[in-house]
Structures are given as structure tokens and as C-alpha cells.
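Trainee: Would you be able to build a 3D model of this:
(6 chains)
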Number of protein chains: 6
Amino acid sequence: MKSVPFLKPANLAKFIDRGIKKSGELLTPWDGSIVSGIGIVGIPLSKTSISHSGAHLAPETIRSMMHTLTTYQIGSGHDLWGESITDFGDVTMHVTDLAECQSRIKESAASLLKQCPHMTPVFLGGDHSISAGTIAAFSEAHGKVGIIQFDAHHDLRNLQDGGPSNGTPFRQLIENGFINGDQLVQIGIRDFANGKLYHDFASDNGVTVYTMDDVRKTGCITILEESVTRLRRSCDVLYVSLDMDVLDQAFAPGCPAIGPGGMNSDTLIEGMVWLAKHGNVKGLDIVEIDPTLDFRHMTSRLAAYILMQFYANYSKES
Amino acid sequence: MKSVPFLKPANLAKFIDRGIKKSGELLTPWDGSIVSGIGIVGIPLSKTSISHSGAHLAPETIRSMMHTLTTYQIGSGHDLWGESITDFGDVTMHVTDLAECQSRIKESAASLLKQCPHMTPVFLGGDHSISAGTIAAFSEAHGKVGIIQFDAHHDLRNLQDGGPSNGTPFRQLIENGFINGDQLVQIGIRDFANGKLYHDFASDNGVTVYTMDDVRKTGCITILEESVTRLRRSCDVLYVSLDMDVLDQAFAPGCPAIGPGGMNSDTLIEGMVWLAKHGNVKGLDIVEIDPTLDFRHMTSRLAAYILMQFYANYSKES
Amino acid sequence: MKSVPFLKPANLAKFIDRGIKKSGELLTPWDGSIVSGIGIVGIPLSKTSISHSGAHLAPETIRSMMHTLTTYQIGSGHDLWGESITDFGDVTMHVTDLAECQSRIKESAASLLKQCPHMTPVFLGGDHSISAGTIAAFSEAHGKVGIIQFDAHHDLRNLQDGGPSNGTPFRQLIENGFINGDQLVQIGIRDFANGKLYHDFASDNGVTVYTMDDVRKTGCITILEESVTRLRRSCDVLYVSLDMDVLDQAFAPGCPAIGPGGMNSDTLIEGMVWLAKHGNVKGLDIVEIDPTLDFRHMTSRLAAYILMQFYANYSKES
Amino acid sequence: MKSVPFLKPANLAKFIDRGIKKSGELLTPWDGSIVSGIGIVGIPLSKTSISHSGAHLAPETIRSMMHTLTTYQIGSGHDLWGESITDFGDVTMHVTDLAECQSRIKESAASLLKQCPHMTPVFLGGDHSISAGTIAAFSEAHGKVGIIQFDAHHDLRNLQDGGPSNGTPFRQLIENGFINGDQLVQIGIRDFANGKLYHDFASDNGVTVYTMDDVRKTGCITILEESVTRLRRSCDVLYVSLDMDVLDQAFAPGCPAIGPGGMNSDTLIEGMVWLAKHGNVKGLDIVEIDPTLDFRHMTSRLAAYILMQFYANYSKES
Amino acid sequence: MKSVPFLKPANLAKFIDRGIKKSGELLTPWDGSIVSGIGIVGIPLSKTSISHSGAHLAPETIRSMMHTLTTYQIGSGHDLWGESITDFGDVTMHVTDLAECQSRIKESAASLLKQCPHMTPVFLGGDHSISAGTIAAFSEAHGKVGIIQFDAHHDLRNLQDGGPSNGTPFRQLIENGFINGDQLVQIGIRDFANGKLYHDFASDNGVTVYTMDDVRKTGCITILEESVTRLRRSCDVLYVSLDMDVLDQAFAPGCPAIGPGGMNSDTLIEGMVWLAKHGNVKGLDIVEIDPTLDFRHMTSRLAAYILMQFYANYSKES
Amino acid sequence: MKSVPFLKPANLAKFIDRGIKKSGELLTPWDGSIVSGIGIVGIPLSKTSISHSGAHLAPETIRSMMHTLTTYQIGSGHDLWGESITDFGDVTMHVTDLAECQSRIKESAASLLKQCPHMTPVFLGGDHSISAGTIAAFSEAHGKVGIIQFDAHHDLRNLQDGGPSNGTPFRQLIENGFINGDQLVQIGIRDFANGKLYHDFASDNGVTVYTMDDVRKTGCITILEESVTRLRRSCDVLYVSLDMDVLDQAFAPGCPAIGPGGMNSDTLIEGMVWLAKHGNVKGLDIVEIDPTLDFRHMTSRLAAYILMQFYANYSKES
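Mentor: From the prediction side, this is the model:
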């Protein structure tokens, strides 16, 4: 076999520093074996969004932003260099049949959780509609699931007006019996971003709601401590659903529904690290980033950073 | 009359959720009746700006951003669904005669305040030059007016060098006798954003100046409490003039004169809510947003949010 | 009733020149009466696109670009000032049920053609999937329809792989029996933009295909003369389906599927004017403009210009 | 005096190639002497524009684009290396008094033409309003002036509705008696870009109008030959007013009023070269480029290129 | 081994249409065997550019644009579906040693041409500096090489002022004895884009120069016929060096040195197809595209299109 | 000598307010005399960057942003109006020889420090590679130098893999004996932004490392007090190297290596003011701003602001 000096396969002729490995390089395509620990699943669906959204491009973009992060968490001295993160790939979406898309999400997630029962999936949306499918599958696989939802919005809209969309996932889960309202904690709900009808639905169904005012007054860690303690009393496992629009527009300029009055990124990072360490979390999704609207992929960078902090600090038993 | 299924008038075939109403829908064109409470007036003037500015586009953009906000203030449980906010429309500007533009502003505002004496106008600029006209009209209608000005700049420049511009409104008001300097409180004045000559003018005329250093050390609410208490002792009514460039560039990327070292958005929102509740404010303007320079209309979104918080928390007697 | 000098309703305080009227002002919302002549119908659907598309925003954008054009066609001395163009509005789309969207298009178009049988609709897409519905309705209303399709692509893809999408409208029409292949003339088909399988489908079904090489060698007007003569021999009415991506990327930078090797804008304009004058065209659609990708709405401006040239030159009997 | 190796004054530490000189380097600030030949004058005014315009930035941008062009015209073998182009600088504008701006333009131009009577000025706008002042001064200095105007628009609007703006310069010149209509030839006037009232005004006043259809059918050079021959019979000198929006949007993406159906850049360049050689042109303006809207300063690049072709081909006696 | 329904490896869960294959899919990484026919080699070097350039990103971008083109050339009915195009990958560049980068290019190219002597390489730059290395290697491998250079610039600058850069490749080749000037034909050289010193160098060394004026008057195909006939008389093989900035800025907005007065894309495509069919071309490079400056990767799209037209029309013996 | 009313030299016909002077106007080109106090030196080098960088454009951009700042520091009442800041200009870079570029930096800096031994230079990069040269010269001129480095990264990479780049300056300084590790304090080092190998190198060489976690817990001022006290015990002078990417992406969107988890701008400004007052700093560099990637030059604005705060608060003996 011939070889040519300096020639490398297309797009791989990049500078390599012997002392640096990128988090993106830890991603290892699933080989079909039984995996435990954290694994990544992309769900590139955003046609289900109420407003125009390119959030289906986020799994690809978040992965590429993992290539801007190294493997070394200097604070703890923890180097992930030798580890590997299973990347299960992406769920294939149908071009025009969105109900089919949503049933594929649940079916894929269910199959995955069955085959790898000790694996902690991180689902990369996509819009928030994907959580209806992933949490339904999660509930069937793991029993009663407690949910910590970071979000500016309730996502409890009615299903009559627009069908199952990115405004309805938790309504679907409650109405279809996958969860009761008291299994759901919403953190970061914002003024002028929701309808009273849906706040009333939350109250009527026992959903716990912490507004941004609550976060500012009480502190995010205290809220998480309270919530996790309570949920763990009644639920079998915990799942975190992170809608990036919980963040203020200055910190997450690439969410479809940006706005002021939101959380800053340090608070969210600190909260996610706490959950990784103390939350006994068995599933996670990160949703609502539209890379076509972002500035220099800042929001996907932040998602990749949160993902790596979650991974590095993750403790299965807390 | 014929009808066709699914067909709606142009640009109105949008998704409607029965549980959501947008703040923008509260806007009701003035019907010529005597209105009280808060009303909106657009003043699309920016040719009076020293540097190139598209701030005349802000009234239109802020209104459209009100269509991204719902009517529900979750913190207080206050739903504005059934309310209406009178939109008086915009003052028509002359294409080439800027002095005419400025006299139209005063004339329109005066006529409005005369016809609706118990109405609290929110003037949407436009550049800061518009405040000279609105406050002059305000002073004639309501007596001695105390002014809280959020701004990075004094806006007390001389009138010889460039005529009445967005750098001169408060100089015009003092020199033309509409206010004395001690009726004016400036909050957020910034390093390297002003000339000493104009700070001296402020001092010589008894204007109260709080710099960003003061805001950081003393706290915005404390400054507001002091200022409002003092102004209410000597003035008949209060007027708030909010130049969005009081904010740091990270939070208001769409102001013509962006810069570092400014206020963060949480501090400003908190201050405006306090003023709405406790300030007995009878007039407000929001100025200096150039939508052509902004990123995803962030600055107009923030202005719309502040407007709605002000509206929702507004108490005529505090 | 009160009035205030210079104050106009929101967003209407624009400069008005007594000698200028904008084409956009000719648009008159449908009043439910029986209309003849050219009428506009927006079809804001693009979730049916194979690749991410914001083409649902085009009806709104094309209308706004009509406000950059005056009513006066100087070449002919024809001033449209006193005329009105009926704007039937937009067909409301479902958020998540795309099959429902497509059936709404056909149902709306059918109802419209039934109620206004002498009206010549101009359907503003949306992506090219909308033509399946409009032409089906057209065929049912008017009999055998001959189609002139300007396009870089066949849009004859199979329906198994992705369902009815923007790649399949003419396949759907042939397979569902609304047209035979020999009723369809495709102009502007481009190298490296199609699959041989679909060219073969075209040939097998008697579709007439003119490539860009043909256009360059033979000339667009000659091709149109041949095509119209032939189609009018066998068909009852003519319909023009204008996919803007028939244009070279330098002239239509806002199409989702831009590319080199296409038509220049002068050729297309000349062709559309010829068709308006000589084609006896009874229906038209303009599709595949994504305003979120465009530069200064150039492609929507061009669409608005073509629409006005078509309107001004339109002759029902040629 | 000390010196430091490799250190050059700020912003001048650029690569210098001994074989390349940039056209921008030919610009030589006026030293107050009596100059003949071509000289540059910037007129940074655009607040007189009907729509929002940053055209006041064009003089600075066109000059900087001259630094992207070398001095060598390869076709003719003509190297301008040793020549200098007098740059008279820019006329200072008032911030808020637009009538004052316009009178300054006339006054400056008049003073200049008086002091340098054999100089051929190239006025860089700014918007088209500047031509009212420059041509008025020109007329007073040089006698009866024939005007070749490249433009998509008549610019003959009435003065009542908006005062003297970028839509009115030729109306002002005719109404104020500086020219008769028969001294004006308009080339490139476009469909749907004008009002019939103003075309009628042109006709009534003897203005010669060539539409884009005329340009396409007759050819630009033939039109110029006819026009120059006729004008030179009755006028003392010729002046060319080049509104860059005569070009199609694909070639001049940075004009405020872009649109389709316009001239391509090769035709315009060829016409301007012909005028430089054969037109006996004594004055020129280039207007209506807004650098804030352009793509990579393409339109200013083209203006700089046309300016240099005009300079290199310029013959005072043809 | 486990499997999960709908799950595909990361970033591959795209829509697949059975009738469409993308040109990008034809790219096959080199397996080390002896290849003949056309093969691709990326040379991601642009630090050698005189002005700031991101042209090193072009190989990656052109390849990705090949994924927007199908395999079917409809004009000829030629479907490339079953073919494969060897992709040799990219030459690895040193971070800080640019002389090392340039010697790697020559060394890699030489090694490649030695191992695959019947292969026709298409080098994707990078800036134009890369041609010095590729043509030097080419000359050593194949004997006397005739060069057709499409370019706005001579690229014959001296080497003293800035070393071997993107302005010097053909100077290096002549001075280092790899070619004589009479082996070089330059087509598209533009006014105000070159220095007379370098045109003189061209003349003194027998380089044939066709300016854009020549192209407009004589026609590109005629120039190519003359040039190829003459070069084939005296040279062993032909090499085409395509600097994309030969195109007018309207057609190649992503070249670092854009400008007006250039070639349109149809002319270039037609010329490249002619050369593929009749030129007996044994090597090709495509250079000077900076994807960071482009609009929607138009210039890389065009490069990919030209590459595919060249491939599809390529005939080794003409 | 002639003069023309209102005419000013090119690009200088700007509005002038008698009460405002811009910081940029304080810049005075070096006249070759012996200067003391703060002076500016631009070092426009970024081809040495590992990833594509336009940081060589930052000196020009930071200077232009100084023209957006006035001379008046309102907090202290300190007006710099009458002062001048020596601008030594920029070091000329070689086009293709990067080792030559780096030796020029050291040579220029050394010559400058020799000729003006009491001058405190502020070097404006360029990328971080420039600090290797400036600090080496500094060390030779002033003796043992203590370094405060604000940075997200160690910049201690090995030199074998890519040569001396923007990842290696402090490694070069240590390995070449210009400093020992214990002379270096790194503040703001971030998770997932470095390799463990280089943190180990730091530890092994006695470099003091404060991570962002340390900054959040301990406070920046406390860290600076500790660091300066310790360094001043063992070192002759202090030098501050400010890599702007120490900031969070929300505050410095124009750094090549943006990311979340960084410092906010208030903390950095406060730290730099403290250092200016108390640090006895004799040299400063500001690096890693790429103006081509920034939003509205925010990052260069912030750099200019920090530079002016440093200048205004600067005390040579603390």
C-alpha cells in the first residue's frame, strides 16, 4: 500500500497537540453492547415547534462544540482523557409525518433503555416536544419518575389547538398517565412568558412551580435541595429536562424563545453540577437551541459545557 | 357573502392557543375618548441623533416584541388578559425639517395631556431628543415635574455646536425654564462617556448625579428611594426618562452608544418595578434603541418587558 | 371625539408623497364577494420541506416587498393607481399535522375557485409542496390543466421515502390522476440538481423537459411559444408554477436550494411578461423563497416585481 | 531623535510591495492651490433621505475601497502611479439643521468652482439630495449645464410633502430655474419605481427619459451618443449624476432602494468610460450607496472602480 | 449485538431518497492503491496570503458543497451514480513554519504523482501560493507543463518584499526554472488589480496575457482554443490553475480579493467544460475561496459545481 | 492659499462638541523623544495562532474604539483632556516568515525599552504569542519580572508540535530562561479549556494557578493582593498579560476561543483598576481579540475601556 507524506484523510489534517484531547473525541459510536454510565442520543426534531425552529440541528452542533472543550476539569483535577462517552447516534425523523416522528422517539428510547438498563441517557433535542417521548419511555422502563424541569415556560398547553408540540410535552405526560403532576418540579418560570390557564393547570395537578423571582430570592441550590429531597421520597428515579431558554437572553442568544428576566449561566451551571453530584439523576435532556439563530454557537457551547460538567461530576449514588 | 375554509386575512393565519394572549394584543388604537391609565405614544425620530441612528424604528419594533410576551405576570398571579392598553399611535415626522419634528412632538404631547389629563403616557422613542418635547409639554400640563433619568450620559450638551439633538434634551429643558436642575436626578452616568464641562453644568445647576460606581456601591433601590422622597417633596409629578444605554453592552446590544461598565438588566428591571409601585410616576419615556444594530431585537424585547412590568405593577397612588 | 395633531395610528405615521402609491396598497382584503381577475392567496407552509426551510414566511415578506414597488409601469405608461388586487389572505396551517395542512390547501383552493370561478389566483408559497394541492383543486375546477413549471428540479420524487414533500408535488399530481405527464412542461432543469430516476420518470410519463442548456441555446421565449402552443391544443387552461430556484444563486440568494448554472433574472422576467400577455394563464404560484436566508429580501423583492409585471401585463384572452 | 526597528506609525505597518501602488494613495489633500483636472469632494449627507439611509458614510468607504485598487489600467497600459488626485475633503454637515446642510453644499461647491475654475469635481454623496446643491453651483459657475442622470428614479418629487430630499433634486433645479427640463436626460428609469405624476412632470418639462426597456433595446452607448450630441448643441458644459441604484440589486446590493429589473455593472462601466472619453464632462457625482447595508462593500468597490476608470479615461476635449 | 429502531450513527440520521445520490458521496478516501482518473487533494494553507484569509477552510467547504449536488448531469444524460472519486485527503500544515508548509505541498504532490502517475489531481486550495508547489511537482513528474491560469491578477510579484506568498506562485515557478514564461497563459487579468511592473515582467518573460477586455471582445472559448493549440505544440502536459477571483464580485462573493469588472459564472463554466473535453488537462487547482467571507457558501458551491462539470466532461485524450 | 467654507480634510468633517474630547484624540504619534508614562504599541500578529484568527486587526480596532470614549472619568472627577498618550505605532510584520515576526517583536520592544526606560508600554496584540517577545525584552531591560496573567488557558503548550504559537508564550519564557515558573501567576484558568499535561507543567515549575472556581470563591481583589505582595517580594517589576478570553463569552464575544464559565467584565475592570493603583505595573499587554468575529466591536470597546481605566488610575509608585 502506498502512502504520501503529510497527507491525512479529508478534514483530519488538523493540528494535534500531544497534551490536549477534546471532549468531542471521547464520543464513541455505540457498538451494540450493553452500556452503563452516561450515553448520548440525538433527537433532531423541530418541525413540531409552534414557531419556526432549527433546533433539529442542535445535536450536530452540540457535538461539534464538544470539540472545542478539552477533557480536563481543572477544578477537581479530574482528567477524562482515557474515558469514552457512548454516542448512540440520532433517531431518524420522517420528513412529513410528525406523529410518526414522535412515536419513533418513544420507541427508540424504550428499546435503548431496555437493552441498556443501567445507562443514563442524555437526550439532545430538538425542541421540547421530544421530552414527551423520552420521559414516557423512561417511565415505562424505570417506574415512577420525578422530573426537574428548568424552563421559562410551563409547556403544559392544551393539545386541541395545535397537536403535540414543543408547548405540550408535560401536558401529554400527565394526561396520558405517565406522570402525576406532583412528580414534576418546574424551575425558572418567567413573567409574561406563560398563560394563566396553564399555571392553573399546574396548580390543579399538583405541579411544583418555582418562578424566576423564587430563584432570585431563595437561590437555585436551596430549591434543588428541597425538590430532590421531596421527589426522591415518592419517586423511583429522577430525570432532568433542561430547556435552555430558562436562561436570560444575554447568556443563551440561540434559543428560539429568547427573552429578558431569566437565569444567568453561572447559576444554571452550579445547579447542574449539584444535580450531577447529589441528584441521583437517571436521565437528562437538553432542548430548544436553534443553531441558525445563535451568535457564534454560544448556546450550543454552553450546552456542551454543561453536558461535560454533568458527566464529570456525575455520581450514580449520592 | 362567501367564505372559504381555513382562509384568514393576510398575515393573521397564525397559530392561536386558547390559553395564551399576547401583550401586543392588549394594544388598542385610541378611539378619541378620554383615557386614563397608561397609554402608548410612538415618536419615531432619530435624524436628530449626533451619530447615525435607526432609533426611529423602535416604536414599531417594541410593539412587535410585545407580541412575544404573554399577558400573565406569574409572580403576582396578575393576568392582564382582559385589559387594554391605549395605543395613541405615532407622531408623524417631517422628512427634512427637524425643528418642525421637535415642535410637533411638544404640540402632540401637549394636546394629548390636555385631552386626557389623567392618562400616564409612555413615549417610545426615537432618540433622546424627544424628551425635550415630551417633558416640556408635561411641565406645562402638570406643573413642576421631577425627573428620574436612567442614562450613561448627562445629555446636557451645549446647543450651539449641533442644535437640539439627542445630546441636549435636559440642557434645553433647563435653559428654556421648563425645569430647574434640582428637579433632575441622573442615575447610571458612566466613566469615559461624558465631558467634564457637562458634569460641571450639572453640578452648577443642582442636578443630582449618581454614577455607575454609586449604583454598584449604594444599590439602585436605595438611590431611588432617596431620589423619589426628595423629588416628591418639591415637585408636583414624577417623570421617568429611560435611556436604554444605561445598560451594559452585554444586556443592551442594540443601543447606538453601547459600552462596557454599565448596569445589568436585572437591576434596571427591579428599579423600574419599584418606581411603578412606589414612584407615583405620571410619565415615562424609553429611548435610544436602534433595531438595525441589535441582535435578535434583544434590546427592544427588554424594553417591551420593562414596559409590561411597569404597566402590571403600576399604582397611581403609592 | 378628541384628536391630536400629527398623531396617526401605530406604524402608519410614514411619509406620504401625493404622487406615489405603493403596489402593496392595491392589496384589498377579500370582502366575500365574487371576484374576477387576479387575486392573491398566501400558503405559509414549509414544514413539508426536505431540508430546513422558512418559506412559510414568504407570503408575508412578498406582500411587504410590494410596499417597496410603486403602481406605475413606466414602459407601457400603465398606472395601476386606481386598481385593487384582491388579497384573499392566507390558509391557516396546522402546527403538527402536515397531512391536514396539505388537505387544507386543496380544500381552500377548491372552495375559492368554486366561489370565484373567473378569478385567476396567484398562490404565494410556501414550499413547492403546495402546488400539489392548488393544481389538484385547479384541475377539478377548470378541467384539463397544462402546466408550465419553472424549476431547477423535477420535483417528481417518490412518495415512499419521505411522504408528500416539496420534492414530490408533480409526482403526486400524476400518480393521483390530476394530470398526465404530457400536460407538464418543465423549464430550467439543471445539472447535478436531480436524480436520473426522476428524469426517467419524466420521460416515461411524457413530461416535456427543457434544461438550462436548452434555455441558453434555444431561448426562453421560443421555448414558451412552443410549449404554450402545444399545451393549449390539448388542455383547457394553463397554470404556471414558478419555483424561484430556477434562477442562478446570484439572482435569487434566498432560495433554500441555491446553486450556480441557473437562469438570470432578466430572462425570467421577460418570460413571465410573455406568459402574462400570451399564455392565457388561469393560475400561478410562486414558491421556495426562504426570507430568513435571503440578503435584504432580494428574492422576495424579485417575486413581488414579477407578480406586479404579471398583473400589469395580464390579458385574459391572448 | 530615537528610532525603533520595524516600528511604523499606527495603522501604517502594512505590507508594501515595490511594484504595487494603490489608487487610494493617489489621493492628495488639497493644499489650497489652484487645481485643474479631476478632484474629489465628499458630501456626507443622508438625513435628507426619505427612508433611513447611511449614505453619509459612503465618501469614507469609497476612499477606503480605492485602497483595494491599484493604479494600473492594464487594458490601455496606462499607469497612474506618478499622478495625484486632489482630495478636497468633505463638506461639514450640521447635526440638526438640514436646510443649513444643503446651503453649505451649494456654498462650498460654488467657492470651489470659483477658486479652481478648470477643475472637474467628482462629488461623492451622500444621498441624491446633494445634486441640487452641486448642480446649482455648477450652473452658476459654468453656464448652461446639460445633465446625464443614471437612475432608477426620476427624483422629480414635489417639495411640499417632505421638503428638499433625495427624491427632489432635479425638481428643485428646474423649479428654481437652474436648469430647464430639456437640459436633463434620465437613463435607466424603472418600472414600479416611480409615480406617473412625476413622469408627467418630466414630459411636461421636456426632460428626456430612457427607461430600462429602452436601454435593453437600444443599447446604452447609442443612447449616450444621441444624448451627448443633443445636449452639447444647446448646453455649455456636461454634468453626470450617477445614482448607483440604476443598477440591478445583484450588482449594487448596498443601495438603499435596491430592486430587480436594473442595469448590469458591465453596461454601466462601459457607459461611464465612453462618457469619460467622449462626453466632455465637467462634473460628476456618485450617490446613494449605504455602506451599512452593503455586502462586503461591493457597491462602494464598484463606485471606486468607476471613479478610477473615469479618471483614467478622462479627456477634457473630445 | 443490540440494535435500536430508527437510531443511526451521529449526524447520519438524514433523509435518504432512493433516487438521489449526492456528488459528495462519490468521494472515496484513498486506500493506498494506484489510482488513475481524477482525484482530489486538499491543501488547507492560507497563512501565506498577503491579506487576512480563511481560504484554508475551502477544501472542507467545497467537499461539503458537493453534498448539495447530485450525481446526475442531465444535459448529457450522464449519471455518475456508480462512480467514485478518490479523495486523497488534505496535506497537513505546520502551525507556524510557512516555508515548511510550502515544502510539504511540493513533497506530497510529488510523492502522489510518482505513485499514481496516471492520476489527474484536482488540488483544492488554500490560497494561490499552493500552485507553486503543485506545479513544481507536476513539472518534475510530467515534463514541460503548459499552464492556463484564470485569474484577475498576474501573481508574479517579487519575492523580496514578502517572501513566497499568494502573490508570487508563477514568479517562483519561472525564477526557479520549473517553467518558462511562454508556458503560461493568463486569462481574465483585470484593470486596477495589478502593478505595471508585473505586467512588464510577464511581457519580458513571454507570458501570454488576456485581459477581461480581451475576454469580452474575443470570447473565452476562442481564447482557450488558441491557447491550448499553442501550448500543446510545445508542452508535454496541460495544467489549469483556477483562481476564483477571475469572477466578478456578483458571482464569487467569497473570494478575498473581490471586485467588479470580472467574468460572469456562465462564461467560466463553459470554459472549464471546454477544457475538460478538449484540453488534455492533467492537473487542476481551484484556489482563493474564503468561506468565512462568503454568502451562503455561494463561491464554494460554484467551485464544487465546476469540479463536477470538469469531472463529468473529462476526457483524457481529446 | 485658497480656502473653501465648511470643507475639511477627508474623513474629518465630523461633528465637534466643544465640551467633549475623545480618548482616541489623546493618542499622539511618537516623535522620537524619550517618553515616560504609559505608551501604546500595536503588534498586529495572528498568523501564529493555532486556529484561524484575525487578531492582527485588534490594534487598529482598539484605537478606533478609543474614539468612542471621552477623556473624562467621572467617578474620580479626573479629566484627561489635556494629556497625551504616546502611540509608538505598530511593529511591521513579515508576510510569510513568522519566526522573523517574532524576533521583530522582541527587537522592537527591546529597542523601545532601552530608549525610553521609564516608559510603561501597553502592547496591543495580536494573539498571545506576542507576549513571549515583549516579556523577554522586558526581562532583559528591567530584571526579574513578575507576571500576572489573566487567561482561560495556561498557554504552556509544548513547542515541538506546532512551534512558537499563541499556545506557548509562557512555556517559551520559562524554557528560554527569561522567567522561572514562580514569577508567573495565572488567574481565571477554566475547566475543559486546558490539558492536564500543561497544568502539571505549571505545578512542576512553581507557577501559581487560580482557577475560575478560585476567583468565584476567593474574589479577584483578594487574589490580586496576595499575588502582588508575593511577586513584589521576589521580582523587580510587574507585568500584566491580559488575554481577553478570561472573560465569559457573554462579555467578550470577539475572542477566538470564547466559552462559558468565565469572568464577568465588572470583575475584570475592578481588578485592572486595582492593579493600576496598587500593582506597580511596568508593562501590560492586551491580546486575543478578533475583530472579524466580534459583535459591534464589543470586545475591542471593552479593551479600550480597560486601557483608559488603567491609564487614568495608573500610579507608578503604590
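
Trainee: Just the pLDDT at A:Ser3, thanks.
Mentor: Here the pLDDT value assigned to A:Ser3 is 88.

Trainee: Not counting sequence-adjacent ones, nearest residue to it?
Mentor: Spatial nearest neighbour of A:Ser3, chain neighbours left out: E:Gly32 (6.3 Å); criterion: CB to CB, 6 or more residues apart in numbering or on different chains. Yep, even glycine has a C-beta here, placed from its N, CA and C like the rest.

Trainee: got it, and A:Tyr314?
Mentor: Closest residue in space to A:Tyr314, ignoring its immediate chain neighbours: A:Ala276 at 4.7 Å, by CB to CB, 6+ apart.

Trainee: Write out the residues of the stretch 1-150 of chain A neighbouring chain F.
Mentor: Residues of the stretch 1-150 of chain A found near chain F (CB under 8 Å from any CB of the partner chain) are A:15-21, A:23, A:68-75, A:77, A:79, A:81.

Trainee: What subset of those residues is buried?
Mentor: Listed as buried from the residues of the stretch 1-150 of chain A next to chain F are A:17, A:19-21, A:23, A:68-75, A:79; burial here means 16 or more other CB atoms under 10 Å in any protein chain shown.

Trainee: Generate a markdown table for these, with distance to A:Met119 and secondary structure as supplementary columns.
Mentor: Below are these laid out as a markdown table (distance: CB to CB, whole Å; DSSP: H, G, I helix; E, B strand; the rest coil):
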| residue | distance to A:Met119 | secondary structure |
| --- | --- | --- |
| A:Asp17 | 32 | coil |
| A:Gly19 | 31 | coil |
| A:Ile20 | 28 | coil |
| A:Lys21 | 23 | coil |
| A:Ser23 | 19 | helix |
| A:Thr68 | 26 | coil |
| A:Leu69 | 22 | coil |
| A:Thr70 | 25 | strand |
| A:Thr71 | 21 | coil |
| A:Tyr72 | 25 | strand |
| A:Gln73 | 22 | strand |
| A:Ile74 | 28 | coil |
| A:Gly75 | 26 | coil |
| A:Asp79 | 23 | strand |
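
Trainee: The closest residue to A:Val287 other than its chain neighbours and B:Asp182, how far apart?
Mentor: Of all residues not flanking A:Val287 in the chain, A:Gly125 sits nearest, at 3.4 Å (CB to CB, 6+ apart). Separation of A:Gly125 from B:Asp182 (CB to CB, to the nearest Å): 56 Å.

Trainee: quick one: which of these two has more around it?
Mentor: More crowded of A:Gly125 and B:Asp182, by other CB atoms under 10 Å in any protein chain shown: A:Gly125, with 31 against 15.

Trainee: What about that one? Give its phi and psi, please.
Mentor: Backbone torsions for A:Gly125, taken as degrees, to the nearest 10, come to phi -80, psi 170.

Trainee: separation between it and chain E?
Mentor: 13 Å (CB to the nearest CB, to the nearest Å).

Trainee: who's in contact with that residue?
Mentor: Going by CB atoms under 8 Å, 6 or more residues apart in numbering or on different chains, A:Gly125 touches A:43, A:45-46, A:55, A:58-59, A:131, A:285-289.

Trainee: give me the beta-bridge partners of it?
Mentor: Bridge pairing for A:Gly125 (DSSP bridges) gives the partners A:Ile43.

Trainee: With A:Met93 as the reference, measure out to it.
Mentor: 12 Å.

Trainee: Adding secondary structure, neighbour count and distance to E:Thr299, write the contacts of A:Gly125 out as TSV.
Mentor: Below are the contacts of A:Gly125 laid out as TSV (DSSP: H, G, I helix; E, B strand; the rest coil; neighbours: other CB atoms under 10 Å in any protein chain shown; distance: CB to CB, whole Å):
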residue	secondary structure	neighbour count	distance to E:Thr299
A:Ile43	strand	30	34
A:Leu45	coil	28	32
A:Ser46	coil	29	29
A:Ala55	helix	33	29
A:Ala58	helix	32	28
A:Pro59	helix	30	29
A:Ser131	helix	30	41
A:Asp285	strand	26	39
A:Ile286	strand	27	35
A:Val287	strand	30	35
A:Glu288	coil	33	33
A:Ile289	coil	33	29
